[in-house]
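# Quick one, fold the following:
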Amino acid sequence: MFKEIGIDENIIKAITEMGFETPTPVQEQVIPLLLEDNSRDIIALAQTGTGKTAAFGIPVIQNLDTNKKQVQAIILSPTRELCLQIADDLATYAKYKEEIKIAAVFGGASMERQIRAVKSGAQIISATPGRLLDLINRREINISEVETVVLDEADEMLNMGFRDELVAILAETPEDKNMLLFSATMPSEITGIVKKYMENPIEITIGKKNSGAENVEHVCFMVYAKDRYLALKRIVDYNPEIYGIVFCRTRRETQEVADLLMKDGYNADALHGDLSQAQRDQVMNKFRIKHLQILVATDVAARGLDVDNLTHIINYSLPEEIELYTHRSGRTGRAGRKGTSIVISNAKEKHLITKMEKQINKKFTYGVMPSGKEICEKQLFHLIDRMEKVEVDYSQIESFLPEIYRKLEWLDREELIMKFVSVEFNRFLDYYKNTAELATPKEGKSTGKTSRDNVNYTRFFINIGKTDNIKPGGLMGLINDYTGFSDIQIGDIELQRNFSFFEADAEFTDIIMKGFEDKEYRGRKISVEISESKPGGSSERRHGSFREDRKKSYEGGGFSRNRSGNSEGGYGRSRGGSSEGGYGKSRSGNSEGGYGKSRSGSSEGGYGRSRGGSSEGGSSTGKPRRFQEFNSRERGSEGFKKGKRDKKHY
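Numbering: from 1, shown residues only. Purely as a prediction, here's the structure:
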């Protein structure tokens, strides 16, 4: 009980009204230490949602000298939302200690109002580092006599780049202050602060250091990269009572996923940095009161959101830093409840799953993606349970019953039940009855080659391009998925409007051709054919992948242009000379090989075009007729008549 660890009666009365009954492990260990000796430095490592705010907030309030009307304690946190939440919680703990004043200092709000709150006699300041340092530099806040400094979510503040601000703030505080550092993880940057600013700190660890929350089950679903959103839908549909956060890596991806979910009828919204503060507040408030079932968010935007009863965390994209997974998963399984943290991953990311397992000291369970039949069954019985347990307000509905009975009297009992169930259930039946099951990717085989090996490349044509929203990474993912190899060396990738070219290790030509047989992309059959080598270039590359080629200067096969000279290899353009190899363009000269264009000359070999001369050789590509016809149509539609190419090198 709280009384047994020495807490003041007025504070106990306030926290009892909040629903506190027994202290959490972190409260049980931290509070007695601080009440016994207010000068001790403490490091507490515990997950988000374990009651850390009360662990430092209650002793800070109880140890205040209420006769002093100056700042005695500052509490630093990474976000505006968390800063406000701490200030609100502390004000509630001090509900029956009216002489205590607490001020919140944060960016994005009126500075004048915050200055007035501080100067009205605030003894505790809850602040974000940036705004507090700003007010210190303006001489509006004096922290030279502060007795306690609390760093809450210290690892998050460092991840967000507040190290310089923290150092500058701590430099303004007295040396004999006591410091309390609360964090979920203990990265090396925190160790540096501990050595410099803390004296013989007592370290308290709840659970294992840097580990995940005990009540959280960690599940991984392996899918093909192209099926990531479809997998998300199935996970949500299979958990009809879900109340959770879907984490994405970028703002753009966050908005795209949220838009797709809302379009598909889910009660979802997005939270990211491109939203105004007012929009973010509105979305978070809707989520807190459960007007939203699913929140799609970036890590930074979600840091200020503190909700205790989340059922699921879904990692749509893995975090850039492994440590962030601990923070994500720690948002569920709080206050003794069970929670589930789900990762949607692909074969290329499997090594990251292993790293996360080491980070949280737990193993992932590899889940099997639920089938359409299983999802429909789950949704059906969830609907029946809701109908069975719904409370009927007879006083409100009674006047409508005679007309309802009259309209439904022609239905017998079985028909009535089936129709009521189908009203909501048909959406799932219609979607899943014609939807193919999601395949689990096979373990990617290795080619046994490294990027240091010499590679001969074959150039391929594929009928997927920019209009299909394909990107180089997505194309490489398709190659990995359909060949079963995770490390085939890829050369240049050229994305055109309706088709693309890519280079791959020639040893795997047959495997690539066979792998793409009878495959579809967004409902359209994929066609892959062997193309001729890039004009003016070489089908041989040394030391592998296209990533290294990008670092090289444009030599030989690159882009060169002169007004009165020669251009050989790659793309050549000349006003008064000749262009040989690759793409040649000349106003008064000759163009040989590849694609030649001339105003008053001749064009031989490859694709020839002339305004005032002759064109010989026509198309000498040696490509299959179907490929020639397709490529000819695309050239006509993509500005080739003007001598332009919609071409991008990766």
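
# now the helices for the stretch 1-150 of the chain?
For the stretch 1-150 of the chain, the helices defined by DSSP state H, counting those that start in this stretch occupy 9-17, 25-36, 52-62, 80-93, 111-119, 129-137.

# Make JSON lines out of those helices and add mean pLDDT, mean neighbour count and distance to residue 391.
Glycine gets a C-beta too; all of them are placed from N, C-alpha and C. Formatted as JSON lines, the helices of the stretch 1-150 of the chain follow (pLDDT from 0 to 100; neighbours: other Cβ atoms under 10 Å; distance: least, Cβ to Cβ, whole Å):
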{"stretch": "helix 9-17", "mean pLDDT": "92", "mean neighbour count": "15", "distance to residue 391": "28"}
{"stretch": "helix 25-36", "mean pLDDT": "90", "mean neighbour count": "19", "distance to residue 391": "37"}
{"stretch": "helix 52-62", "mean pLDDT": "94", "mean neighbour count": "26", "distance to residue 391": "35"}
{"stretch": "helix 80-93", "mean pLDDT": "92", "mean neighbour count": "21", "distance to residue 391": "32"}
{"stretch": "helix 111-119", "mean pLDDT": "94", "mean neighbour count": "15", "distance to residue 391": "45"}
{"stretch": "helix 129-137", "mean pLDDT": "95", "mean neighbour count": "19", "distance to residue 391": "47"}
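
# Can you lay out the ones you listed as JSON lines showing distance to residue 437?
Shown next, in JSON lines, are those (distance: least, Cβ to Cβ, whole Å):
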{"stretch": "helix 9-17", "distance to residue 437": "51"}
{"stretch": "helix 25-36", "distance to residue 437": "44"}
{"stretch": "helix 52-62", "distance to residue 437": "44"}
{"stretch": "helix 80-93", "distance to residue 437": "41"}
{"stretch": "helix 111-119", "distance to residue 437": "56"}
{"stretch": "helix 129-137", "distance to residue 437": "50"}
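
# right, and the ones you listed - which one's nearest residue 262?
Nearest of the helices of the stretch 1-150 of the chain to residue 262, taken as Cβ to Cβ: helix 80-93 at 23.1 Å.

# what's the angle from that closest one to helix 129-137?
Between the axes of helix 80-93 and helix 129-137, defined by axes from the mean of the first three to the mean of the last three Cα atoms, to 10 degrees, the angle is 70 degrees.

# for helix 80-93, packing partners?
helix 9-17, helix 52-62, strand 102-105, strand 124-127 (3 or more Cβ pairs under 8 Å, 6 or more residues apart in numbering; DSSP states H and E).

# Let's see that with 10 Å instead.
Secondary-structure packing of helix 80-93 (3 or more Cβ pairs under 10 Å, 6 or more residues apart in numbering; DSSP states H and E): helix 9-17, helix 52-62, strand 73-76, strand 102-105, strand 124-127, helix 129-137, strand 148-152, helix 277-288.

# For the longest one, buried residues please.
Using 16 or more other Cβ atoms under 10 Å as the burial criterion, the residues of helix 277-288 that qualify are 280-281, 283-284, 287.

# Any buried residues in the helix or strand that that helix is followed by, and which?
Downstream of helix 277-288, the first helix or strand assigned by DSSP states H and E is strand 294-297. If you call a residue buried by 16+ other Cβ under 10 Å, then strand 294-297 has these buried ones: 294-297.

# Taking those, tell me the two that lie furthest apart.
294 and 297, at 9.9 Å, using Cβ to Cβ across those.

# Strands along the stretch 301-450 of the chain, start to end?
312-315, 339-345, 365-366 (DSSP state E, counting those that start in this stretch).

# Among these, which comes closest to residue 456?
Per Cβ to Cβ, nearest to residue 456 of these: strand 339-345, 32.8 Å.

# Tell me how many other residues surround residue 255.
Neighbour count of residue 255, defined by other Cβ atoms under 10 Å: 18.

# Can we start the residue count at 499 from this point?
Sure thing, new numbering starts at 499, so read that last one as residue 753.

# what about residue 906, neighbour count?
So residue 906, with other Cβ under 10 Å, has 12 neighbours.

# what's the distance between it and residue 720?
Taking Cβ to Cβ, to the nearest Å as the measure, residue 906 and residue 720 are separated by 48 Å.

# one step back: export the helices and strands packed on helix 578-591 to a markdown table and tack on distance to residue 758?
Compiled in a markdown table, the helices and strands packed on helix 578-591 are given as follows (distance: least, Cβ to Cβ, whole Å):
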| stretch | distance to residue 758 |
| --- | --- |
| helix 507-515 | 43 |
| helix 550-560 | 36 |
| strand 571-574 | 38 |
| strand 600-603 | 36 |
| strand 622-625 | 37 |
| helix 627-635 | 34 |
| strand 646-650 | 35 |
| helix 775-786 | 17 |
